[in-house]
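Novice: sequence unknown, structure follows:
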């Protein structure tokens, strides 16, 4: 089974290629598994234990292999029990990490969110103890901390929060004319759903909705894997045409993993009087007073946004841009054939 520790890990070998150069054995290189790995990752052919033919560099020694291959071979053959920093590998090594973990218990250190592909897998996150089975679950757990706790506070009520460890709190409010009771909503209350299909797929958590005491708020979280879109086709909710569309103000709050990532937020009106795209960075807010909107995350970075919708009608009362609504039909076809 594969076990992963995310972040700085003192006992891990930070730069495995140097360790490899001083520890590898000839038998490692000519093993049939190594031959396959070297051909797949480095596009090179093993001639002997001391000679490898590279299409770019020509004849090379094992010490000239890529850092990714060296790290994978250490995971495969090293018997010292050391843990290696898998961030020395590119994403093209991910399938080999999963394959090695099928035949042995393998613990690795990661200092970024590696892309493990679309297939199911089994991975234990040592930071939390949770087991994940696909990229969406992986990003959800290690990227942004799992399902949220929330508290609904009606008007005319006061509460006090005491933090016992590091905590990040988002305060989302809207005018209300109704009185109700405060409500504590634990992570078990949060429902999740995968919306869209690749490349406009995201995992969505519904935190505050019609199941809560709130009547004018909808709050949730979206998790987007690298390079994917969210909220596509572009949609809007700025006209009172119930039950198809309602007037709902909306705000997004963005986080990225790693933190230097960014997303592009597109917004425009039907008449294109307003038509803008913004590069959104860590800890930034975007509001949608009117018009269509959609989001795309940068490749290599996981995108998170907390979304808040407020209005008289609680729910997803929105309309898609008719120029792009055909994508919804494609989405339905893809889901039906899965």
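Specialist: Yep, that arrived. In this text the structure is predicted, and so the values were computed from the model without any measurement. Numbers count the residues shown, from 1 in each chain.

Novice: confidence score at the spatially closest residue to residue 30 that is not a sequence neighbour?
Specialist: Closest residue to residue 30 in three dimensions, ignoring its sequence neighbours and counting by CB to CB, 6 or more residues apart in numbering: residue 49, at 5.1 Å. Bear in mind the C-beta positions are built from the backbone N, C-alpha and C, glycine included. At residue 49 the predicted local distance difference test score is 97.

Novice: and the contacts of stretch 44-59?
Specialist: Here stretch 44-59 makes contact (CB atoms under 8 Å, 6 or more residues apart in numbering) with 26-27, 29-30, 34-35, 38-39, 42-43, 60-62, 64-65.

Novice: looking at those residues, state which has the most neighbours.
Specialist: Comparing the contacts of stretch 44-59 by number of neighbours (other CB atoms under 10 Å), residue 65 comes first, having 27 neighbours.

Novice: who does residue 150 bridge with?
Specialist: The residues paired with residue 150 through beta bridges, assigned by DSSP bridges, are residue 185.

Novice: give me the pLDDT value at it.
Specialist: Each residue has a pLDDT score; the one for residue 150 is 91.

Novice: for it, give its distance to residue 219.
Specialist: In this structure, residue 150 and residue 219 are 7 Å apart, going by CB to CB, to the nearest Å.

Novice: next structured bit after the helix or strand hosting residue 251?
Specialist: Counting by DSSP states H and E, the element that carries residue 251 is strand 248-257. Heading C-terminal from strand 248-257, the first helix or strand you meet, by DSSP H and E, is strand 263-268.

Novice: looking at the helix or strand following that next one now, give me its mean pLDDT.
Specialist: Next along the chain after strand 263-268, taking DSSP H and E as the criterion, comes strand 275-280. Along strand 275-280, the predicted local confidence has a mean pLDDT of 96.

Novice: same check on stretch 15-32?
Specialist: Rounded to a whole number, the mean pLDDT of stretch 15-32 is 96.

Novice: end to end, how far does it reach?
Specialist: The separation between the terminal residues of stretch 15-32, taken as CA to CA, to the nearest Å, is 25 Å.

Novice: buried sites along that stretch?
Specialist: Residues 16-17, 19-20, 24, 28-29, 31 are the ones in stretch 15-32 that count as buried (16 or more other CB atoms under 10 Å).

Novice: who has more neighbours out of residue 150 and residue 219?
Specialist: Between residue 150 and residue 219, counted using other CB under 10 Å, the more crowded position is residue 219 (23 against 20).

Novice: give me the secondary structure label for residue 332.
Specialist: The assignment at residue 332 comes out as helix when based on DSSP: H, G, I helix; E, B strand; the rest coil.

Novice: what number of residues lie near it?
Specialist: By other CB under 10 Å, 11 other residues sit near residue 332.

Novice: any idea how far residue 196 is from it?
Specialist: For residue 332, the distance to residue 196 under the criterion CB to CB works out to 11 Å.

Novice: let me know the pLDDT of residue 143.
Specialist: According to the per-residue confidence, residue 143 scores 61 in pLDDT.

Novice: can you check residue 140 too?
Specialist: The predicted local distance difference test score for residue 140 is 69.

Novice: which residues touch residue 235?
Specialist: Neighbouring residues of residue 235 by CB under 8 Å, 6+ apart: 292-294, 318-321.

Novice: just flag the most distant two among those residues.
Specialist: 294 and 319 (13.3 Å; CB to CB).

Novice: these two: who's more crowded?
Specialist: Applying other CB under 10 Å to residue 294 and residue 319 shows that residue 294 carries more neighbours, namely 21 against 17.

Novice: for that one, which non-adjacent residue is spatially closest?
Specialist: Distances taken as CB to CB, 6+ apart place residue 234 nearest to residue 294, at 4.2 Å, with adjacent residues excluded.

Novice: is that neighbour in contact with residue 321, as I believe?
Specialist: Yes: with contact defined as CB atoms under 8 Å, residue 234 reaches residue 321; the gap is 4.5 Å.

Novice: which neighbours do the two share?
Specialist: Shared between the contact lists of residue 234 and residue 321 (criterion: CB under 8 Å, 6+ apart) are residues residue 292.

Novice: so which of the contacts of residue 235 sit within strands?
Specialist: Using DSSP state E, the members of the contacts of residue 235 that fall in strands are 292-294, 319-320.

Novice: save those as TSV, and put in distance to residue 284 and pLDDT too.
Specialist: Formatted as TSV, these follow (distance: CB to CB, whole Å; pLDDT from 0 to 100):
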residue	distance to residue 284	pLDDT
292	20	97
293	15	97
294	17	97
319	27	94
320	26	95
